[in-house]
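**Student:** how would this look folded up:
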Amino acid sequence: MPRLGLGVWKVTEEGQVEQSIQDAVKAGYRSIDTAKAYGNEEGVGRAIRECGVPREELFVTTKVWNSDQGYDSTLKAFQDSLEKLGLDTLDLYLIHWPVKGKYKDTWRALEQLYKDGKVRAIGVCNFHVHHLEDLLQDAEIKPMVNQVEYHPLLSQVELRQYCQDQGIVLEAWSPLMQGNLDVPQIQELAEKHGKTPAQIVLRWDLQNGVVTIPKSTHEKRIRENADVFDFELSHEDMALLDGLNQDKRFGPDPDNFDF
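**Tutor:** From the prediction side, this is the model:
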């Protein structure tokens, strides 16, 4: 699984997702993260076919939406997503949110898809520690990935440690805080390293062992977001960023969402 990928949340304008993926592939990205709820799986599929990179070199993720959760409905939703994407197999399939009373049946469906060889890896999104502990009571296969909101203002230390102990890869959505990067300490580190604030945050993710999937539709920013492997944050830099945590969410709380 690539450590850096392209997120395509809310990229639904005609031709925009295809162009973003083309730009990303040229910049070296090999991971694309979509979801049924994003409404752009067909565009992602077209971009994959037209990007000029062999399918086996790409890591493609999509997710089952809340209204499709449950065993049989998840199997159907997976097939629908596969057809929209125009793929024979998927690299990673995720439960989008921990829908109470349904996510265990949904997980059984993902386990079956994995056993059948239709998906190379399975995981969850937005699961707190207590969701994971509940799931693991009955799961035959441990989730391989937990994709959550993660950034310096929401560093989720307990969850990151739990996932690390369990061998679950933590993956960050909204790593760039939906553009709210005007934090003095981040700005100072950007000046110190000659990098953008976004690059500082993405580097922090990577050095914390967190996979990250920043979203952008601008070619320049897509290239910049990938340009994070030629410098390193010091222990002091990392500690400074770690100290910014406010448990602040820009998205919903997994214990209190309504969709």
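
**Student:** In contact with the nearest residue to A226 once chain neighbours are set aside, which residues are there?
**Tutor:** Nearest residue to A226 in three dimensions, chain neighbours excluded: A27, at 4.8 Å (CB to CB, 6 or more residues apart in numbering). Every C-beta, even on glycine, is put in place using the N, C-alpha and C of the backbone. Listed by CB atoms under 8 Å, 6 or more residues apart in numbering, the contact set of A27 reads E219, I222, R223, A226.

**Student:** try 7 Å
**Tutor:** I222, R223, A226 (CB atoms under 7 Å, 6 or more residues apart in numbering).

**Student:** Of the residues you listed, which is the most crowded?
**Tutor:** Highest neighbour count within the contacts of A27, by other CB atoms under 10 Å: I222, with 24 neighbours.

**Student:** contacting residues around it?
**Tutor:** S20, D23, A24, A27, S216.

**Student:** Phi, psi for it please.
**Tutor:** phi -60, psi -40 (degrees, to the nearest 10).

**Student:** ok, now how distant is it from G123?
**Tutor:** To G123, I222 is 24 Å away according to CB to CB, to the nearest Å.

**Student:** again, but for F259
**Tutor:** Counting by CB to CB - F259 and G123 are separated by 20 Å.

**Student:** which residues does G7 bridge with?
**Tutor:** On the basis of DSSP bridges, G7 takes part in beta bridges with D33, K215.

**Student:** now it: how far from K215?
**Tutor:** G7 is 4 Å from K215, by CB to CB.

**Student:** if you count what's nearby, which of those two comes out ahead?
**Tutor:** G7 (26 against 21).
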